[in-house]
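*Asks:* Need a 3D model of the following:
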Amino acid sequence: MKVMHKYILLTIKLFKTKILCLVLFLGSIPVCYAQTRQSYPPPGKLVDAGGHLLHINVLGKGKPVVIMEGGSGDFSFIWNLVQPEIAKTTTAVSYDRAGFAWSEEGPLPRTGRQIAYELHTALHNAGITGPYILVGQSFGGFLVRSFARFYKKEVAGVVLVDALNEDSKIIINNKAVRIRDWAKGEHAPEPRNMVKRDTTSADKKPVVQDTTIEPPMDKLPKKVQQMQIWAQSQPVYRKAAGDEMNWSPEDVADMYANKGKPGYMLGDIPLIVLSRGNGGYSGMPDSAQLEDERLKLQIDLSHLSTNSKHVIDKNSGHNIHLEDPAMVIDAINQVIHASKTHEKLRVD
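*Replies:* Just a heads-up that it's a prediction; the model follows:
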C-alpha cells in the first residue's frame, strides 16, 4: 500500500467490509459468500510452528539464508520481485505469518517475540538453519529486530526496507501520532505453542471479496494480484492482522524504553537501512519538520550496528521492494557479501 503505515487503514478496511456485507445481505444482493482457505494452492509448504502450521516458501540453495519479513497486512508473495533474484545465488525464504494466506492462526497475544518464535520453530522444523540475513519492510523491521534479539547467534546481517523507528509517527486525521503512545503498558508473556485452534468463528464467517489492488501492488504479476485478492478477503486474515496491530504498540514502546541497550542492538553485523526519498507529508502545516524528523529516525536505525550504512532511494515510495526492487536486491547482496567476507560495508 502507498500509505506510510497500515495500522489504521487496515482496521478501517476490516470495519467497513463487515458493514458492507451486512448492507448487501439486508438488501438481498448475493455478494457475501464464504471464502475457502484453499482457493489457491500454496507455492511453498506448510510447516509446524508450535501447534499450528506456517506457510514457508523456499527458493534457491546455499548459505546464508535470506529471510524476508513483510509489513503490516502483507503476504509472502509481496516479495515476488525480489525473492527469485536472491534465490539465484543463495536460499531465499518468504513466509506468511499466522492467520495470513495459507498459514493457520497462532496463539495470542501476537507479540514480536511470539512471531519470532514461530518463525524460528518453523525454519528449524523445515531444516532451514542459519546463518540468516533478515530483511524487514515497514512493520516487518520491528519483527526482524525481535528475531535478531532472541536468536542473535543465528543472525549474520540485516536489511531494513523503509522500516519504522520505535519513535516513528503515523498520520491520523492529518495529525502525526507516535505508535508507542498507544501502548497500555501490558507485559509480554513468554512465547507458547498453539494448544487448540478455534475453527468455529472467523474462518467460517461470510465476507465480501476485497478486490482492491492499490499501487504499487499493481506492479506484481496478474496471477499474484489475484492471490492478493483471495488472501486479503479471508476472515481469518482480518482477525490475525487486527491481533498483530492490537499488540504492536507494546513492542514499540518496549524498544523505545530499552533504546541503546546491548540486547536491543545488532552489534557489528552488516546492516543496510534503505529509506524512501520523500516522506509524503506534502500539504501538512509542519511537513518540513516531519520530513526532517523522519530522516533523522532512519539514520538512527543505522546506528543499531557499528557496521552499517544508510541509503536513500529517491526513486521510490514506502514499498521499495515493489517500486525499486533492484535497490533491495543490491542491498541484500551487499550484506550477504559482507557477512561472508567479514568485511566492512562499503559506504559510497
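*Asks:* Any stretches of the chain with poor pLDDT?
*Replies:* 1-38, 197-207 (pLDDT under 70).
*Asks:* what's the single longest helix in it?
*Replies:* Criterion DSSP state H: the longest helix present in the chain is helix 235-257.
*Asks:* in it, what's buried?
*Replies:* 235-256 (16 or more other Cβ atoms under 10 Å). Where C-beta positions appear, they are placed from N, C-alpha and C, glycine not excepted.
*Asks:* and what of stretch 102-111?
*Replies:* Neighbour counts over stretch 102-111 (16+ other Cβ under 10 Å) mark 102-107, 110-111 as buried.
*Asks:* Please apply the same query to stretch 211-231.
*Replies:* Using 16+ other Cβ under 10 Å as the test for burial, stretch 211-231 gives 213, 216-217, 220, 224-225, 227-228, 230-231.
*Asks:* Restricted to strands, list the residues you listed.
*Replies:* With DSSP state E as the criterion, strands contain none of those.
*Asks:* on that earlier part again, how about JSON lines for the buried residues of stretch 102-111, with secondary structure added?
*Replies:* Shown next, in JSON lines, are those (DSSP: H, G, I helix; E, B strand; the rest coil):
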{"residue": "102", "secondary structure": "coil"}
{"residue": "103", "secondary structure": "coil"}
{"residue": "104", "secondary structure": "coil"}
{"residue": "105", "secondary structure": "coil"}
{"residue": "106", "secondary structure": "coil"}
{"residue": "107", "secondary structure": "coil"}
{"residue": "110", "secondary structure": "coil"}
{"residue": "111", "secondary structure": "coil"}
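*Asks:* tell me which of these is nearest to residue 347?
*Replies:* residue 111 (34.8 Å; Cβ to Cβ).
*Asks:* Surely that closest one touches residue 186?
*Replies:* No: using Cβ atoms under 8 Å, residue 111 is not in contact with residue 186; the gap is 9.4 Å.
*Asks:* Could you name every residue contacting both of those two?
*Replies:* Common neighbours of residue 111 and residue 186, using Cβ atoms under 8 Å, 6 or more residues apart in numbering, are 247, 250.
*Asks:* The residue nearest to residue 139 when sequence neighbours are not counted: neighbouring residues, count only.
*Replies:* With Cβ to Cβ, 6 or more residues apart in numbering as the criterion, residue 139 has its nearest non-adjacent residue at 4.0 Å, and that residue is residue 72. Using other Cβ atoms under 10 Å, residue 72 has 22 other residues around it.
*Asks:* where's residue 72 relative to residue 216, distance?
*Replies:* The spacing between residue 72 and residue 216, counted by Cβ to Cβ, to the nearest Å, is 16 Å.
*Asks:* got the contact list for residue 88?
*Replies:* Here residue 88 is in contact with residue 60 (criterion: Cβ under 8 Å, 6+ apart).
*Asks:* I misspoke; the intended subject was residue 142.
*Replies:* Counted by Cβ under 8 Å, 6+ apart, residue 142 has contacts 112, 136, 163-164, 166, 248, 251-252, 255.
*Asks:* and residue 273, what helix or strand is that in?
*Replies:* In this assignment (DSSP states H and E), residue 273 forms part of strand 271-276.
*Asks:* which residues are in contact with that strand?
*Replies:* 157-163, 295, 298-299, 301-302, 304-305, 307-313, 316-318, 320, 327-328, 331, 334-335, 345.
*Asks:* need the next SSE after it, C-terminal direction.
*Replies:* Assigned by DSSP H and E, the successor of strand 271-276 is helix 287-302.
*Asks:* quick one: buried residues of that following helix?
*Replies:* By 16+ other Cβ under 10 Å, the buried positions in helix 287-302 come out as 290-291, 293-294, 297-298, 300-302.
*Asks:* what's next to the next helix or strand after that helix, contact-wise?
*Replies:* Downstream of helix 287-302, the first helix or strand assigned by DSSP H and E is strand 308-313. Applying Cβ under 8 Å, 6+ apart, the contact partners of strand 308-313 are 270-277, 295, 298-299, 301-302, 320, 324, 327, 331, 345-348.
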